[in-house]
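Trainee: Got a sequence here, can you build the structure:
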Amino acid sequence: MEYLMTYGWAILIIAVALGLLYVLGLFSPSSTTSSSCTSQSGYVCTDLSFSYNGIVTLEFGQDTGTTLYNLEFTCTALESSAGLPSPRNDFVASPARTVINSQKFYVSMPCYTSYGTRFSSTQIGTPYTGYIWINYTQANQAPSSSNPWLTAKIAAFSAKTTN
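Mentor: Got it, this is the predicted structure:
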């Protein structure tokens, strides 16, 4: 009887510990991979969310010491600029087309696969790794040969789709 009581208490303690870990979400699939966004020096990428239809929303900011004009965004699964959407009109114009130093705002854009098609998934929790790119000019005038489009990779992120 003493032998059974000792093992009974040990099993009860283990069961309570496992139950507590379950309640805290340790065994939840969504807790194993959270959204993360790593920005390049001079840029800010926070508060990222990624929907099942391939739309990424994030807070963008820049602290490069300059003003960015005619700002546009895109998201692709490829790390090189060769993976940027074509034609150019797949870039999303920012809500504040001119961004001064230390300014932050939210922007949403579609993400593309490595094959150049728009990402979408019917399942919540589908993982995606992508890169955020911007097009901008350095002068407050229309893009031209004297004010060319510049392209920069500003962030890399990993996320799982949500609804």
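
Trainee: Which helix or strand in the protein has the lowest average pLDDT?
Mentor: helix 29-32 (a mean of 50; mean pLDDT, DSSP states H and E).

Trainee: Output the below-cut-off pLDDT ranges for this protein.
Mentor: Residues of the chain meeting the criterion pLDDT under 70: 25-34, 83, 85-90.

Trainee: you'd agree Tyr22 is in a helix?
Mentor: Yes. Under DSSP: H, G, I helix; E, B strand; the rest coil, Tyr22 falls within a helix.

Trainee: Which residues lie in contact with Leu58 in this structure?
Mentor: The contact partners of Leu58, taken as Cβ atoms under 8 Å, 6 or more residues apart in numbering, are Cys37, Cys45, Thr46, Asp47, Leu48, Ser49, Tyr106, Val107, Ile132, Ala155, Phe157. Backbone N, C-alpha and C define where each C-beta goes, glycine included.

Trainee: Out of those residues, which end up buried?
Mentor: Buried by 16 or more other Cβ atoms under 10 Å: Cys37, Cys45, Leu48, Val107, Ile132, Ala155, Phe157, out of these.
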